[in-house]
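**Student:** Have a look at this fold, sequence not included:
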């Protein structure tokens, strides 16, 4: 996406400031949101505030991810509580909310008998774009997702990967402020998956649009999301800010040194680090905010100690997810933003 | 068309009004319908009854003049007391058949593909309501039928007024109003039934057969019931009988004895309401598995 994003910044006019979303504003809020379907409670008392540019919606099968998206789209009415998007109630202001949203469904969805560009143009017009704008944007969207050459082919003749991209094109054609992507990499081979994630990151990096990516593939979410909302059995198991998690991990180090280890530990303590020694060969250090890794190298040089190994703590999304699943057994969310 | 922008950008320009969304759906569907050459030929052929009626109106008045000269039996045919009945058979009845045929051909193909291809989440995730989606599809059928039924029918009525004696149109205002009213009631009723079948069957050929079967089997059973019981109750399941009674009443033609007028209206209303209810149950973004 680097190239596309690069050219984007060069060619795209300055967005209307009234439509641009500030970096870390609350844009979605759930208060006691519950949804019953077929006599069964599918979402149960969800309370959360979402701020991230790209939210990963995670959870095992049947956790309620798709139901949450459908509720935010107004397909299902909440049986209790409320959800607000950009300050608007998703039930009372359904039409206004939907105008701000682009949606890429999980299953194959298209209007048969139409060429790709005609299909996307119609969807753009249904979102409220004037006819000429819709035509322009349909072409743009097709080139953006990499289907430019196939835009005059009938949608039903597309391969699985092309259908996924066409679904993305129809979701972004009207330039939504919020994009819901339900399992965007479903059925894609590795290059196509990589391309899809690149596109998602590119949209995220424009800063103009918030994204919600529902997936059960942790790696996909890890690659493009800065916040995750983990659901289990219709409840929020965890809301985690991946960015701050990554930032805090960067301050948590494992070290192996050769030389006078005791003096080095004293030096670290003098710098304000918390130091532990899980075993004789290894040090564990938590750096205070004002201490950088370069300071550790400076200390090592001063004490003639060799740093043979330096590693960050790697708390992967998988760890976060598994911890959330374990903690949710006790009925408590693992963490809150 | 500008292809300068190949990237993602939000839309900063104006948005169209919400009421125009059904028109968008209708426009794309109409263009899809006419992409078939076979349908275009069929549609052009649907103007044939109107053309024949135009010729017959012309000949009728020419023959009346001719009959006036010769004093022969032509006068019996053109007796003015059956004038409206003549127009009823010449304009309204062919229009009802043409509307039926068009809806039979187009109706089942309007909703079934959207449901089969799972397009409903795409429509309904936009600022488009279920009702607007339905109106868009209904508009397709109303526009298609209007162009070959009551619009040329009105021209025929004007032609008839031109040839007839002065003041004919003012004295027979029920003719144009009845023509438009009957055609709209009939096409709306048929369209909603066809859309409901299309939504429930989801397979175009089966929906077409179902629509045809509804009328053929309904008529057969109704007529059988009427023949055996000897009263009019069998007509309650024959929509043709109902529209015949309603059409004649609106048109101001000789009343039909097939069934009482309120029952005819009731039959059409119940059939339309049931079909609408069934249809709206099917227009949804997702199936809920209980």
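**Tutor:** That came in fine, so what should we check first? Please read all numbers here as calculations on a predicted model, not as lab measurements.

**Student:** Give me the pLDDT for the closest residue to chain A within chain B.
**Tutor:** Of all residues in chain B, the one sitting closest to chain A is residue B:7 (3.2 Å; Cβ to the nearest Cβ). All C-beta spots, glycine's among them, are computed from the backbone N, C-alpha and C. Residue-level confidence at residue B:7 comes out at 71, pLDDT.

**Student:** any idea which residue sits dead centre in the chain?
**Tutor:** Picked chain A for this. Centroid-nearest residue in chain A, with Cα atoms, centre = their mean: residue A:225, separated by 2.7 Å.

**Student:** sorry, should have said chain B
**Tutor:** residue B:187 (2.4 Å).

**Student:** which element is the closest residue to that residue other than its chain neighbours on?
**Tutor:** Taking Cβ to Cβ, 6 or more residues apart in numbering or on different chains, and ignoring the residues beside it in sequence, residue B:187 has residue B:145 as its nearest neighbour in space, at 4.4 Å. With elements delineated by DSSP states H and E, residue B:145 resides in helix B:130-148, which encompasses its position.

**Student:** Does that helix pack against any helices or strands, and if so which?
**Tutor:** Under the contact criterion of 3 or more Cβ pairs under 8 Å, 6 or more residues apart in numbering or on different chains; DSSP states H and E, helix B:130-148 touches helix B:21-33, helix B:93-106, helix B:108-116, helix B:120-124, helix B:174-201, helix B:261-282.

**Student:** would TSV of those with mean pLDDT be doable?
**Tutor:** Rendered in TSV, the data for those read as follows (pLDDT from 0 to 100):
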stretch	mean pLDDT
helix B:21-33	95
helix B:93-106	93
helix B:108-116	91
helix B:120-124	94
helix B:174-201	93
helix B:261-282	95
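
**Student:** count of residues packed around residue A:243?
**Tutor:** The criterion is other Cβ atoms under 10 Å in any protein chain shown. On that basis, residue A:243 has 14 neighbouring residues.

**Student:** same thing with residue B:35?
**Tutor:** Summarising burial for residue B:35: neighbours were counted as other Cβ under 10 Å, giving 11.

**Student:** Then the one 10 residues further on?
**Tutor:** Using other Cβ under 10 Å as the criterion, residue B:45 is surrounded by 12 other residues.

**Student:** for residue A:91, same thing?
**Tutor:** Neighbours of residue A:91 using other Cβ under 10 Å come to 15.

**Student:** and what of the one 4 residues further on?
**Tutor:** Number of residues near residue A:95 (other Cβ under 10 Å) recorded here: 17.

**Student:** A helix includes it, no?
**Tutor:** Yes - secondary structure assignment places residue A:95 in a helix (DSSP: H, G, I helix; E, B strand; the rest coil).

**Student:** Let me know the pLDDT of it.
**Tutor:** Each residue has a pLDDT score; the one for residue A:95 is 88.

**Student:** how about the residues of the stretch 201-337 of chain A near chain B?
**Tutor:** By the criterion of Cβ under 8 Å from any Cβ of the partner chain, the positions of the stretch 201-337 of chain A lying close to chain B are A:202, A:203, A:206, A:208, A:209.

**Student:** Which of these lies at the shortest distance from residue A:179?
**Tutor:** Checking these against residue A:179 with Cβ to Cβ, the nearest one is residue A:209 at 5.6 Å.

**Student:** Ramachandran coordinates for the closest one?
**Tutor:** Backbone dihedrals for residue A:209, given as degrees, to the nearest 10, come out at phi -130, psi 140.

**Student:** isn't it right up against residue A:178?
**Tutor:** Yes - counting by Cβ atoms under 8 Å, residue A:178 is a contact partner of residue A:209 at 6.7 Å.

**Student:** pretty sure the residue of chain B closest to chain A is touching residue A:202, no?
**Tutor:** Yes - shown here, residue B:7 and residue A:202 form a contact pair, counting by Cβ under 8 Å, at 7.4 Å.

**Student:** The two - which one has more neighbours?
**Tutor:** Looking at residue B:7 and residue A:202 with other Cβ under 10 Å, you find the greater number of neighbours at residue B:7, namely 23 against 20.

**Student:** did I read that right, the more buried one in a helix?
**Tutor:** No - with three-state DSSP as the criterion, residue B:7 is coil rather than part of a helix.

**Student:** That one and residue A:150, how far apart?
**Tutor:** Taking Cβ to Cβ, to the nearest Å as the measure, residue B:7 and residue A:150 are separated by 19 Å.

**Student:** tally of neighbours for residue 169?
**Tutor:** All of this is about chain A. Number of residues near residue A:169 (other Cβ under 10 Å) recorded here: 30.

**Student:** you looked at the wrong chain, it should be chain B
**Tutor:** 15.

**Student:** now residue B:28
**Tutor:** The burial metric for residue B:28, expressed as a neighbour count using other Cβ under 10 Å, is 20.

**Student:** what's it in contact with, if anything?
**Tutor:** By Cβ atoms under 8 Å, 6 or more residues apart in numbering or on different chains, residue B:28 lies in contact with A:114, A:118, A:122.

**Student:** swap the cut-off to 6 Å and go again
**Tutor:** Residue B:28 is in contact with residue A:122, counting by Cβ atoms under 6 Å, 6 or more residues apart in numbering or on different chains.

**Student:** what's the answer for the one 5 residues further on, then?
**Tutor:** By Cβ under 6 Å, 6+ apart, the residues touching residue B:33 are residue B:106.

**Student:** ok, it to residue B:140 distance?
**Tutor:** Between residue B:33 and residue B:140 the distance is 7 Å, computed by Cβ to Cβ.

**Student:** end to end, how far does stretch A:296-312 reach?
**Tutor:** Between the opening and closing residues of stretch A:296-312 we find a distance of 14 Å, counting by Cα to Cα, to the nearest Å.

**Student:** and residue A:83, what are its phi and psi?
**Tutor:** In this entry, residue A:83 is assigned phi and psi values of phi -130, psi 140 (degrees, to the nearest 10).

**Student:** doesn't residue A:30 make contact with it?
**Tutor:** Yes - taking contact to mean Cβ atoms under 6 Å, the distance of 5.0 Å between residue A:83 and residue A:30 places them in contact.

**Student:** Which parts of the stretch 1-150 of chain A are strands?
**Tutor:** Using DSSP state E, counting those that start in this stretch, the strands assigned to the stretch 1-150 of chain A run over residues A:28-37, A:40-50, A:54-58, A:80-85, A:88-89, A:101-104.

**Student:** still on that earlier bit, quick one: name whatever helix or strand follows the helix holding residue B:145.
**Tutor:** If you walk from helix B:130-148 toward the C-terminus, the next helix or strand you reach (DSSP H and E) is helix B:150-163.
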